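no FASTA, just this:
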């Protein structure tokens, strides 16, 4: 099936192109412009049109190794593999690592889809109440036993820290506990850290702290630098025999599927991953904008009666309309898909139903992405990024007012 996130983005953009007034809260694009220094590096590398090493150039791998090392994870260039987006790397990992795949629920839409594409089973475990991105450690052990009893062979645990779809950061004690369970059961851990640079405050924990010899980290530049269309992803495999064997298998998959990351993109990655001051300042500004707008949207949903974890990273929310189920039921809304359809068709607000993320069909939950509220034009997005009070910008204020009105009408008691 067409990826739910990509499908809703195309649907909402088509509606806008047709002249409809639609508030686009359905797609996790970071919604920010490209810094001039980054664009100049890409332009200067446009002539690099030859094939390169499957793993990436030495300079790009050294830059990534330094990037990890400065963040407290000592890394050598030989542990790094580049790809056209971390999505490709996640697919390669699920194909290369043995065993069925354990996922938190809810989880990003592509994990389960990729698991199915490589012919494996998904073992879904609810997340803790505090934050998403990891299975609830109190439920994980039993879920593994039940899966084995049903004929599954759990082999890979995927965690997302920080999390999409909930916009939260897994608690350190939960991440430690699930890694301890993974170690006892011989699971490999894939830690998707694509949002680690956009924590609203502080730093997210990493599975590498608890199971370093069997944890692979994936990341990229689509969220921190808003370069989703450039498709720059990279992974870090552990040192030692297990990691070396896995790297060989990943190179085998990569060599047959994508050959190598485009050389101009490797040049851009090399520059960005060296953390030049203009790049770190850009990410700092983006982090503040994401936090401010996500918090404002959170207030709109909770004011309308939904319960929701407060956003802690990135630009997502995962509101639950269970407290107003009777009101929605009177309107014929009793599923997440029905909720999303009503918001779009009746109120011009596009969100993605929770069932796309593996949630229960009857749950009145949806994933809300706030990062396309920053502006329609590049000029507006730059102004939002540089503003001391982005919520007062007319286009952001108008979007919040649109959302406020839609939610008030949706949840009004008859």
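Received, thanks. Here the structure is a predicted model, which is why all the values come from computation and not from measurement.

gap between the residue minimising distance to the centre of the chain and residue 219?
The centre of the chain sits closest to residue 164, judged by CA atoms, centre = their mean, with a distance of 4.4 Å. Residue 164 is 13 Å from residue 219, where distance means CB to CB, to the nearest Å. Yep, even glycine has a C-beta here, placed from its N, CA and C like the rest.

Show me the common contact partners of these two, please.
Residues touching both residue 164 and residue 219 (CB atoms under 8 Å, 6 or more residues apart in numbering): residue 194.

How about the backbone phi and psi for the residue nearest to the centre of the chain?
The phi/psi pair for residue 164 (degrees, to the nearest 10) reads phi -120, psi 120.

ok now do it, which residues does it touch?
For residue 164, the contact set (CB under 8 Å, 6+ apart) comprises 28, 108, 194-195, 314, 316, 367.

cool, and residue 405?
Listed by CB under 8 Å, 6+ apart, the contact partners of residue 405 are residue 347.

switch to 10 Å and redo it
Applying CB atoms under 10 Å, 6 or more residues apart in numbering to residue 405 gives the contacts 300, 347-349.

quick one: which two of these are the most distant?
Pairwise distances among the contacts of residue 405 were taken by CB to CB; the largest, 14.7 Å, belongs to 300 and 348.

sorry, back to before: where strands are concerned, which of the contacts of residue 405 count?
Among these, DSSP state E puts residue 349 in strands.

Considering the contacts of residue 405, which possesses the most neighbours?
When neighbours are counted by other CB atoms under 10 Å, residue 349 leads these with 25 neighbours.

In the protein, what residue spans correspond to helices?
Here the chain has its helices, by DSSP state H, at 4-17, 36-44, 58-70, 86-96, 109-117, 137-149, 172-184, 241-257, 263-272, 277-303, 325-329, 336-347, 378-386, 394-411.

what packs against the shortest one?
Read that as helix 325-329. For helix 325-329, the elements it packs on are helix 336-347, helix 394-411, judged by 3 or more CB pairs under 10 Å, 6 or more residues apart in numbering; DSSP states H and E.

what's the most buried one of those helices?
Among those, helix 336-347 has the highest mean neighbour count (mean count of other CB atoms under 10 Å), at a mean of 19.

Distance from that one to the middle of the chain?
Distance of helix 336-347 from its chain centroid, counting by CA atoms, centre = their mean, to the nearest Å, is 23 Å.

Could you check the angle that helix makes with helix 4-17?
Using axes from the mean of the first three to the mean of the last three CA atoms, to 10 degrees, the inter-axis angle of helix 336-347 relative to helix 4-17 is 10 degrees.

so what does helix 336-347 touch, helix or strand wise?
Helix 336-347 packs on helix 4-17, strand 23-24, helix 325-329, strand 349-350, strand 352-353, strand 366-369, helix 394-411, going by 3+ CB pairs under 10 Å, 6+ apart.

looking at the ones you listed, which has the lowest confidence?
Mean pLDDT per stretch puts helix 4-17 lowest among the helices and strands packed on helix 336-347, at a mean of 80.

List the buried residues of that helix.
By neighbour count with 16 or more other CB atoms under 10 Å, helix 4-17 contains the buried residues 4-5, 7-9, 12-13, 15.

any idea which of the residues you listed is closest to residue 189?
residue 5 (23.8 Å).

Is the closest one in contact with residue 369, as I believe?
Yes. Residue 5 lies in contact with residue 369 (CB atoms under 10 Å); the separation is 8.6 Å.
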